[in-house]
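Novice: what follows is a predicted structure for the sequence shown.
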Amino acid sequence: MESVKERKLGIIIQARTGSTRLTGKILMPIGDKPMVLYLYNRLNDYFDIPVVIATTDNSQDNHLAEMLVNLDIKIYRGSDNNVISRFIGAARYFGFTDIVRVCADSPLLDMYFLDKLIRVWKDDTMSDYISFEFNEKPVIRSHFGVFAEIVKLSTLEKVAGLFGDNNIYLEHVTNGVYMNPDIFKIRLLNLDRELAPFEGIRLTIDTKEDFERISELMPKLKNINFEEIANYVKSKPELLLGMKQTILENSK
């Protein structure tokens, strides 16, 4: 059995400026900082575990990399398209045995839910993948934009070895894990009851409309937690309708 003392958990933020739907979005301002820095600071301030950023080795990400290095933020640069190899490389470089995967386009990540995941991970040495589920799917496939996931480095290495010719598994880091429950031990904590009232909420930032909505929300929030944000959105029918429309247009 794997020893708890041998494990090292690290948060890896997936970030690149070459998004096809909203190029350069992670450098757009949330509050008074670029989106990626806003998220990094929230994570770094909240958790006493390493936080690093995994970006690409494309020249278009040179500016991002220089900015992060100048701020003394740890980065790793790897493949743009083979994202699973970028995560494997980052975890190996920083000595992580287990990875909290976070996307830079989710600046309103809910720290309560992530803290809960980490607490579960501390007592669970057997699961290859730990996250939440909603409507019988991992929440990472939803549009809520406030959740993370935890996966073992050894599990990603196994996915890369088994499915190295499958672009879906290479481009989407954890697809090859949770889509193969016969191979991997998947642990999903059910959130059907908690999330059912908020099914149409979209806080991930993939489009110009997403960014404009989040920018409109930010000054009105006292705390960055999903329940407060979701209740505010529900009180604004036009805002909620816009989110639902964007979900339809960007269904996963």
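Specialist: Thanks, I have the structure now. Values in this document were obtained by computation on a predicted structure and should not be read as measured data.

Novice: relative to Leu68, how far out is Ser131?
Specialist: Distance from Ser131 to Leu68, counting by Cβ to Cβ, to the nearest Å: 26 Å. In this view, the C-beta of every residue, glycine as well, is placed from N, C-alpha and C.

Novice: number of nearby residues for Leu71?
Specialist: 11 (other Cβ atoms under 10 Å).

Novice: do you know how far it is from Asn41?
Specialist: According to Cβ to Cβ, Leu71 and Asn41 sit 10 Å apart.

Novice: ranges for the helices of the stretch 51-200 of the chain?
Specialist: Ranges of helices in the stretch 51-200 of the chain, per DSSP state H, counting those that start in this stretch, are 62-70, 83-94, 111-123, 153-162, 167-171, 175-178, 192-195.

Novice: ranking those by mean pLDDT, which is last?
Specialist: Lowest mean pLDDT within those: helix 167-171, at a mean of 91.

Novice: for that helix, which helices and strands make contact with it?
Specialist: Applying 3 or more Cβ pairs under 8 Å, 6 or more residues apart in numbering; DSSP states H and E, we find helix 167-171 packed against helix 83-94, helix 175-178.

Novice: which other residues reach the shortest one?
Specialist: Residues from elsewhere that reach helix 175-178, judged by Cβ atoms under 8 Å, 6 or more residues apart in numbering: 84, 128-129, 131, 138, 151, 155-156, 159, 162-163, 166, 168-169, 184, 186, 188.

Novice: would you mind checking those for buried ones?
Specialist: Among the contacts of helix 175-178, those classed as buried by neighbour count (16 or more other Cβ atoms under 10 Å) are 84, 128-129, 131, 138, 151, 155-156, 159, 163, 169, 184, 186, 188.

Novice: nearest to Arg92 among these?
Specialist: The closest of these to Arg92 turns out to be Leu156 (Cβ to Cβ; 10.2 Å).

Novice: how close does the residue nearest to Ser106 when sequence neighbours are not counted get to Asn70?
Specialist: Of all residues not flanking Ser106 in the chain, Gly145 sits nearest, at 4.5 Å (Cβ to Cβ, 6 or more residues apart in numbering). According to Cβ to Cβ, Gly145 stands 28 Å off from Asn70.
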